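Colleague: got a sequence here, can you build the structure:
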Amino acid sequence: MIGVYQLFLRLVDRLPLPSTRAQQRFALAALLSQALIAVTGSVVRVTGSGLGCPTWPKCFDDSLVPIPQDEVPWWHQAIEFGNRQIAVWIVVTTSVAIVLAVTRARRRREILVYAWIMPLSTFAQGILGGITVLTGLRWWVVGAHMLVSCAMVWLAATLYAKVAEPDDGAEIETAPAGARRLVAGSAVVMALVLTAGMIVTAAGPHAGDRTNPKAIDRLDVSIPLLSLTHGLLVALYVGVLIGAAVLIARGPSSEAVRRRVKIVFVVVAAQSLIGVVQYFTGVPALLVVLHVAGAMSVIAETAILYRLMSARVLRGSDVAPDKLAA
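Modeller: You can find the predicted model right below:
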């Protein structure tokens with residue numbers, strides 16, 4: 001195994017040495033691709049194209065690509081097949097790119113581990129996506145598929161923040177310790193919010209397959225009750241964030257942290273507005289897609305905020321914590 005890795009390093013060393021800015025761009029591309037696959041997955045769901053390709057890894061038993069079928073309209077096939085292609089060509093490509101970039105730059109082990117998680121988890125997500133199709137879109141499998149995507153966005157956002165930091169450095173606190181603990185707590189609450197949102201969707205009007213929606217496994221629970229639970233968790237999440245913001249404003253905090261917490265509140269406000277409108281307008285398909293995109297934004301911004309609160313700086317640096325900028 002060591003010999004194989006050494007061979008890999010020799011091959012990677014033939015590539016141009018990427019700058020830190022280039023590595024950040026690759027990391028950003030990986031982050032955006034992880035969010036994109038969640039958004040396109042929501043498009044598959046709201047258009048009822050979840051079984052547009054009823055088998056996996058092929059589209060049909062006797063065809064890798066969509067073919068004319070009376071039972072499955074061509075647009076459902078195109079949407080589901082397109083979602084699979086995005087997973088292969090965009091997510092895999094960006095995941096491999098960031099691995100090659102940070103390996104060639106000989107970044108610290110922490111960054112290498114995060115980078116390697118990208119392609120490996122994408123492969124695992126592909127398997128889980130196949131199970132989703134083969135089990136006929138069971139709600140809990142679909143939900144697990146979505147929650148794994150949420151976790152991947154968090155990890156990709158953390159990688160994006162870490163790539164900008166110097167390897168030869170030491171971590172310093174750039175915000176009050178209590179604020180960092182509250183942001184960590186908000187991440188736990190956010191995970192509960194996402195789980196509750198997934199459960200609401202499992203009981204909602206978008207079954208994921210319009211060719212035979214009655215055959216799809218759905219969660220038979222009161223939607224108003226689930227929505228209330230989801231809303232209360234969102235309120236708790238916002239409350240914890242407000243507590244963190246107060247500590248950040250009153251205590252010694254870097255400019256990067258102060259700026260990022262404002263961004264977090266902007267995306268949370270936009271996401272909350274979409275959720276409210278979505279609920280009172282009967283969960284229209286477009287708003288479902290926007291709500292998923294908003295969720296990915298909230299996850300990414302919260303992850304970056306958490307990382308910025310314990311920044312890594314060059315050893316011996318005399319830069320004051322409150323002057324640090326992202």
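Colleague: which parts of the stretch 201-326 of the chain are strands?
Modeller: Using DSSP state E, counting those that start in this stretch, the strands assigned to the stretch 201-326 of the chain run over residues 310-314.
Colleague: hey, where'd the helices end up in it?
Modeller: Here the stretch 201-326 of the chain has its helices, by DSSP state H, counting those that start in this stretch, at 223-250, 255-280, 285-308.
Colleague: give me the buried stretch members for the longest one, please.
Modeller: Using 16 or more other Cβ atoms under 10 Å as the burial criterion, the residues of helix 223-250 that qualify are 223, 226-227, 229-231, 233-234, 236-238, 240-241, 243-245, 247-248. Backbone N, C-alpha and C define where each C-beta goes, glycine included.
Colleague: same thing with the shortest one?
Modeller: By 16+ other Cβ under 10 Å, the buried positions in helix 285-308 come out as 287-308.
Colleague: E80 is nearest to which of the helices of the stretch 201-326 of the chain?
Modeller: Nearest to E80, of all these, is helix 285-308, at 15.2 Å by Cβ to Cβ.
Colleague: tell me what angle that closest one forms with helix 255-280.
Modeller: Comparing the axes of helix 285-308 and helix 255-280 via axes from the mean of the first three to the mean of the last three Cα atoms, to 10 degrees yields an angle of 160 degrees.
Colleague: report the distance from helix 285-308 to the chain centre.
Modeller: 8 Å (Cα atoms, centre = their mean, to the nearest Å).
Colleague: got the CA positions of that helix in CSV?
Modeller: Output of helix 285-308 as CSV, limited to C-alpha atoms (Å, rounded to 0.1, in the frame of the first residue of the first chain):
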residue,chain,number,x,y,z
ALA,A,285,-42.0,22.6,-6.4
LEU,A,286,-39.8,25.7,-7.1
LEU,A,287,-39.8,26.7,-3.4
VAL,A,288,-38.8,23.2,-2.4
VAL,A,289,-35.7,23.5,-4.6
LEU,A,290,-34.9,26.9,-3.3
HIS,A,291,-35.4,25.7,0.3
VAL,A,292,-32.9,22.9,-0.3
ALA,A,293,-30.4,25.4,-1.9
GLY,A,294,-30.9,27.6,1.2
ALA,A,295,-30.3,24.8,3.5
MET,A,296,-27.0,24.1,1.8
SER,A,297,-26.0,27.7,2.2
VAL,A,298,-26.9,27.8,5.9
ILE,A,299,-24.8,24.6,6.4
ALA,A,300,-21.8,26.0,4.6
GLU,A,301,-21.8,29.4,6.2
THR,A,302,-22.2,27.9,9.7
ALA,A,303,-19.3,25.5,9.1
ILE,A,304,-17.1,28.3,7.8
LEU,A,305,-18.0,30.5,10.8
TYR,A,306,-17.2,27.8,13.2
ARG,A,307,-13.8,27.2,11.6
LEU,A,308,-12.9,30.9,11.5
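Colleague: which strands and helices sit next to it?
Modeller: Using 3 or more Cβ pairs under 8 Å, 6 or more residues apart in numbering; DSSP states H and E as the contact test, the elements touching helix 285-308 are helix 20-46, helix 139-163, helix 177-203, helix 255-280.
Colleague: adding mean pLDDT, write those out as a markdown table.
Modeller: Shown next, in a markdown table, are the helices and strands packed on helix 285-308 (pLDDT from 0 to 100):
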| stretch | mean pLDDT |
| --- | --- |
| helix 20-46 | 93 |
| helix 139-163 | 92 |
| helix 177-203 | 92 |
| helix 255-280 | 94 |
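Colleague: among the ones you listed, which is nearest D70?
Modeller: Ranking the helices and strands packed on helix 285-308 by proximity to D70 (Cβ to Cβ) places helix 20-46 first, at 21.0 Å.
Colleague: buried residues in that closest one?
Modeller: Neighbour-count burial for helix 20-46 flags 23-46 (criterion: 16+ other Cβ under 10 Å).
Colleague: any idea of the angle it forms with helix 139-163?
Modeller: Inter-element angle recorded for helix 20-46 and helix 139-163: 170 degrees (by the same axes, to 10 degrees).
Colleague: next, the angle helix 177-203 makes with helix 20-46.
Modeller: Helix 20-46 and helix 177-203 are oriented at 30 degrees to each other (the same axes, to 10 degrees).
Colleague: report pLDDT for T132.
Modeller: At T132, the model reports a pLDDT of 86.
Colleague: just give me the neighbour total for it.
Modeller: 22 (other Cβ atoms under 10 Å).
Colleague: ok, it to G82 distance?
Modeller: In this view, T132 and G82 are 16 Å apart by Cβ to Cβ, to the nearest Å.
Colleague: closest to the centroid, which residue in this protein?
Modeller: Against the mean C-alpha coordinate of the chain, by Cα atoms, centre = their mean, the closest residue is V153 at 2.4 Å.
Colleague: thought that residue was touching A38?
Modeller: Yes. The criterion here is Cβ atoms under 8 Å, and V153 meets it with A38 at 7.0 Å.
Colleague: what residues are shared contacts of the two?
Modeller: The contact sets of V153 and A38 overlap at M296 (Cβ atoms under 8 Å, 6 or more residues apart in numbering).
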